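J.: fold the following, please.
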Amino acid sequence: MSSKKASYKVHKRPVADSDDEPAPIAAKNVPDSHVVCGNEILTICIGQCGVNMGYEYVSTIMREHKLDAQGTFTGDISVDNSNRSNNHDVQLLSKMNACFKCSRSNSSSSLSYAPRTIFFDSDRSSIDGVRQSRLSRVFARQYLFDGGAESKPCGLYPIGYNRGMDVIYESMDMIRAEVESFDSFQGTQLIHSVDGGCGAGFSSLLLHKLSDEYPKTMRVSHVCGSDLSGRRTASYGAHNLMLTAYNRVLAVDQLVRHCDLNTMLNNGLLLRYTAQAQAQATTTTTTTPTTYAEMNCMASLVLSGITSPLRFVHEPQICDNLHKMNAFFSVFPRLHFLNVSHAPFILHQQKDAPKCDDHDILHMNGGWCGNDVSNVKLEDGKLFCTATFYRTCYEKAMHGVHAFMEAQNRKMSDDFVAWIPHNVATGFVFDGAFHAYKAHATLMSTTLMNCTAQKASFQRLSAAFARAYKRRAFVFHYVSNGMEYDEFEEADQNIRDLITEYQDKQDAYVDSEEEGDSEEDSMGS
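T.: As a prediction, this is how the structure comes out:
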């Protein structure tokens with residue numbers, strides 16, 4: 001079997017001249033022929049972190065699809081049928097139905113859209129923040145679900161799990177009602193953290209129910225978490241590190257069992273990139289403290305890049321739905337944790353930020369070792385496969401991408417396993433959605449990687465869990481809420497088995513003599 005890596009051939013689409021400014025946005029009547037149905041994705045945001053990240057993610061993709069705060073499409077698509085293929089606003093509607101549902105107002109012929117998003121949290125304050133937000137009108141009230149009259153935050157996995165048991169039937173009824181309106185249900189994507197109680201406990205319960213209810217659909221989880229390196233701070237003491245380790249071990253155990261794909265985002269790296277973006281956007285020497293809202297904005301850029309092939313027409317169509325994405329990245333059933341890198345990181349609210357150079361963006365992300373947001377060193381393992389999605393509305397921005405990617409493939413050929421052919425893919429998204437970023441950059445890229453180096457993050461997690469559990473520190477909080485010691489030990493063993501599996505696949509090789517013999521046998525038969 002050949003070990004040569006090959007990227008997919010790219011067929012360029014005709015795009016407008018990059019020197020021409022796009023036409024002014026104007027609200028126009030939207031024909032029914034632009035409403036495309038099918039391949040729906042349901043987004044579920046769980047816990048305080050998931051709700052805040054999910055809200056910023058919805059705000060970002062609405063901006064990209066030219067939807068205002070009421071969900072009305074503001075693009076101009078009133079062109080002749082012969083010119084529709086060159087209209088970027090028309091392209092925005094081609095796969096809009098994946099993440100938005102459409103409804104036509106009786107008083108107007110324009111179309112309005114609502115995100116296919118459900119929010120769950122045991123703390124009412126985060127849900128109330130969505131209810132009182134700028135986008136409150138686009139979210140259905142019944143899909144903003146809190147813990148009821150006794151809602152309060154929960155920091156332990158069993159508390160989140162037990163509170164989820166009280167509302168799981170009502171939650172599943174809500175999900176069924178939404179899924180029944182779909183034409184072709186792709187799957188669900190969860191946005192949550194694994195450090196807290198609701199994000200870890202309730203998401204585990206919900207994933208289990210979704211795998212039983214919809215076994216043939218995809219379940220993708222976008223996980224955000226802190227770095228369990230053992231460092232203590234004044235605000236994050238030893239007890240928080242131990243509780244976080246317990247919560248994460250129990251949650252990751254369920255992610256291995258019930259998820260098809262997982263992307264890992266690191267809080268510390270998001271904080272660093274946010275601080276760098278702030279420093280580039282300001283001309284003064286004084287620095288302002290980074291807020292969670294700005295970090296969520298950075299996380300939303302990453303999630304937007306990950307879902308861009310699902311929401312826009314791109315060439316070649318390597319990951320245009322969740323099933324294709326799972327078939328490409330999930331080389332082995334249990335090894336489905338993906339590393340993510342993204343460039344550039346920008347803050348929308350800072351209009352005076354310098355424009356990013358295309359060459360810098362390619363080197364920050366094209367080498368698969370730059371703007372990593374998963375806290376994994378790729379040189380510690382072998383790559384199974386990678387896919388990079390470039391987004392732009394300027395054709396000249398893509399002139400140097402092909403040569404750069406070919407050079408990177410040759411340079412990093414030894415970093416890939418030798419027994420998986422055609423494991424490097426590149427996709428290009430030419431659409432009008434890039435209007436939201438043209439003030440900051442002419443090119444944006446997001447890379448997903450399945451790499452055996454991911455075992456390092458699980459090794460850190462297992463070590464942090466072992467340090468706490470050998471003393472049974474704070475375990476009584478979990479046992480008093482219905483858990484047993486066997487559940488801890490089973491979850492820890494599952495993660496240790498996962499580490500061993502990563503190492504086995506990294507050390508695997510193809511014997512050239514056996515490969516030659518098998519080829520001769522096949523030719524003789």
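J.: quick one, what contacts Tyr502?
T.: Leu335, Gly381, Thr452, Gln454, Lys455, Phe458 (Cβ atoms under 8 Å, 6 or more residues apart in numbering). All C-beta spots, glycine's among them, are computed from the backbone N, C-alpha and C.
J.: measure stretch 311-327 end to end?
T.: Stretch 311-327 has an end-to-end distance of 18 Å (Cα to Cα, to the nearest Å).
J.: what's the spacing between that stretch and its chain's center?
T.: 14 Å (Cα atoms, centre = their mean, to the nearest Å).
J.: what residues sit buried inside it?
T.: For stretch 311-327, the neighbour count (16 or more other Cβ atoms under 10 Å) marks Arg311, Phe312, His314, Glu315, Ile318, Cys319, Asp320, Asn321, Leu322, His323, Met325, Asn326 as buried.
J.: so Thr43 bridges to which residues?
T.: Thr117, Gln189 (DSSP bridges).
J.: check whether it really touches Ile191, as I assumed.
T.: Yes. With contact defined as Cβ atoms under 8 Å, Thr43 reaches Ile191; the gap is 6.8 Å.
J.: any residues in contact with both of these two?
T.: Gly54, Tyr57.
J.: more crowded one of those two?
T.: Applying other Cβ atoms under 10 Å to Thr43 and Ile191 shows that Ile191 carries more neighbours, namely 33 against 23.
J.: residues contacting the helix or strand where that one lies, please?
T.: Per DSSP states H and E, Ile191 falls inside strand 185-193. The contact list for strand 185-193, computed with Cβ under 8 Å, 6+ apart, reads 39-50, 53-54, 57, 98, 179, 199-200, 203, 206-207, 210, 214, 217-225, 260, 303, 307, 321-323.
J.: quick check, nearest of the contacts of Tyr502 to Lys505?
T.: Minimum distance to Lys505 across those is 5.9 Å, recorded for Thr452 (Cβ to Cβ).
J.: for that closest one, what are its contacts?
T.: Leu335, Gly381, Lys382, Leu383, Phe384, Tyr502, Gln503, Lys505, Gln506.
J.: so what's the residue count around the fifth one?
T.: Using other Cβ under 10 Å, Phe384 is surrounded by 24 other residues.
J.: and what of the fourth one?
T.: Close neighbours of Leu383, defined as other Cβ under 10 Å, add up to 21.
J.: equivalent analysis for the first one, please.
T.: Using other Cβ under 10 Å, Leu335 has 20 neighbouring residues.
J.: so it: helix, strand or coil?
T.: coil (DSSP: H, G, I helix; E, B strand; the rest coil).
J.: which residues touch it?
T.: Counted by Cβ under 8 Å, 6+ apart, Leu335 has contacts Phe384, Asn450, Thr452, Gln454, Leu498, Glu501, Tyr502, Lys505.
J.: what pLDDT does the model give Met298?
T.: The model reports Met298 with a pLDDT of 91.
J.: with distance to Asp414, pLDDT and secondary structure as extra columns, can I get the contacts of Leu335 in JSON lines?
T.: Converted to JSON lines, these look like this (distance: Cβ to Cβ, whole Å; pLDDT from 0 to 100; DSSP: H, G, I helix; E, B strand; the rest coil):
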{"residue": "Phe384", "distance to Asp414": "14", "pLDDT": "93", "secondary structure": "strand"}
{"residue": "Asn450", "distance to Asp414": "17", "pLDDT": "93", "secondary structure": "strand"}
{"residue": "Thr452", "distance to Asp414": "14", "pLDDT": "93", "secondary structure": "helix"}
{"residue": "Gln454", "distance to Asp414": "19", "pLDDT": "92", "secondary structure": "helix"}
{"residue": "Leu498", "distance to Asp414": "25", "pLDDT": "96", "secondary structure": "helix"}
{"residue": "Glu501", "distance to Asp414": "22", "pLDDT": "95", "secondary structure": "helix"}
{"residue": "Tyr502", "distance to Asp414": "18", "pLDDT": "95", "secondary structure": "helix"}
{"residue": "Lys505", "distance to Asp414": "16", "pLDDT": "92", "secondary structure": "helix"}
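J.: need those residues in JSON lines with distance to Ala418, can you?
T.: Shown next, in JSON lines, are the contacts of Leu335 (distance: Cβ to Cβ, whole Å):
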{"residue": "Phe384", "distance to Ala418": "11"}
{"residue": "Asn450", "distance to Ala418": "15"}
{"residue": "Thr452", "distance to Ala418": "13"}
{"residue": "Gln454", "distance to Ala418": "19"}
{"residue": "Leu498", "distance to Ala418": "23"}
{"residue": "Glu501", "distance to Ala418": "19"}
{"residue": "Tyr502", "distance to Ala418": "17"}
{"residue": "Lys505", "distance to Ala418": "12"}
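J.: report the two of the residues you listed separated the most.
T.: Every pair of the contacts of Leu335 checked by Cβ to Cβ; the farthest is Phe384 and Leu498, at 14.6 Å.
J.: ok, the contacts of Leu335 vs Gln254, which is closest?
T.: Leu498 (12.7 Å).
J.: wait, doesn't that closest one sit right on Gln459?
T.: No. Applying Cβ under 8 Å, one finds Leu498 not in contact with Gln459, separated by 10.1 Å.
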